[in-house]
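>>> any chance you could fold what I've pasted below:
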Amino acid sequence: MKLIVGLGNPGPTYEKTRHNIGAMVADSLVFSYGEKYSVHKRSGTETATVRIGGEPVMVAKARAYMNVTGRQIGPLAAYYSVTPDDLIVLHDELDIDFGQVRLKQGGGEGGHNGLRSLTSAVGTRDYLRVRLGIGRPPGRQDPADFVLKPFPSATRADVDLLIANGVDAAELLVMQGLEAAQNVVHTW
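Below is the predicted model:
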């Protein structure tokens, strides 16, 4: 089974922040298939199963804070024997221009504590990633402060497009694999 994980922080305080764009994409994906989340009893994550290209795919969000995401996602992945090739992580990326989506497998965490926690829990960095560009903070603003701020209201249409493109990128990864999906997504 493939597992798509949307990284984010729980609760209304964080739901519209840049750091939660991965969770926003996961929500959009689940809702686009007419599904709803339920709590997975063994891991404590919110999960929903959708069919992408006829294949069942579990979509999950941790109900724990970003820095300890792995505590819930690790046991979920282990329970379903998800391999790194079948684990797709949706996350915010400072080093990609706002609105861009990039795909890759493996690599470092780049200071992203959610990725660091997940890597520690699953024992490898070699999972698939849908990197959702939020851009760098302006001036000398602290990146940690920047990611925990909501997107400006003037960028709502651009955020909606980023979410839609993130959903499309995740679906392409499931249906076509990394290289074919990159050939499409990296031209957007």
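
>>> centre of the chain to the helix or strand bottoming out on mean pLDDT in the chain, how far?
Ranked by mean pLDDT, DSSP states H and E, the weakest helix or strand in the chain is helix 143-147, scoring a mean of 84. Its chain's C-alpha centre and that of helix 143-147 lie 18 Å apart, by C-alpha atoms, centre = their mean, to the nearest Å.

>>> just checking, next helix/strand downstream of that helix?
helix 156-176 (DSSP states H and E).

>>> all strands of the chain, in order?
Under the criterion DSSP state E, the chain contains strands at 2-6, 38-39, 46-52, 55-61, 87-93, 101-105, 128-133.

>>> export the ones you listed to JSON lines and tack on mean neighbour count, mean pLDDT and distance to residue 150?
From N, CA and C alone the C-beta is placed, and that goes for glycine too. As requested, the strands of the chain are exported to JSON lines (neighbours: other C-beta atoms under 10 Å; pLDDT from 0 to 100; distance: least, C-beta to C-beta, whole Å):
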{"stretch": "strand 2-6", "mean neighbour count": "26", "mean pLDDT": "94", "distance to residue 150": "17"}
{"stretch": "strand 38-39", "mean neighbour count": "10", "mean pLDDT": "92", "distance to residue 150": "26"}
{"stretch": "strand 46-52", "mean neighbour count": "18", "mean pLDDT": "94", "distance to residue 150": "21"}
{"stretch": "strand 55-61", "mean neighbour count": "20", "mean pLDDT": "94", "distance to residue 150": "18"}
{"stretch": "strand 87-93", "mean neighbour count": "25", "mean pLDDT": "93", "distance to residue 150": "13"}
{"stretch": "strand 101-105", "mean neighbour count": "18", "mean pLDDT": "94", "distance to residue 150": "20"}
{"stretch": "strand 128-133", "mean neighbour count": "24", "mean pLDDT": "94", "distance to residue 150": "15"}
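
>>> for those, which one sits closest to residue 75?
Residue 75 sits nearest to strand 55-61 of all the strands of the chain, at 11.0 Å, using C-beta to C-beta.
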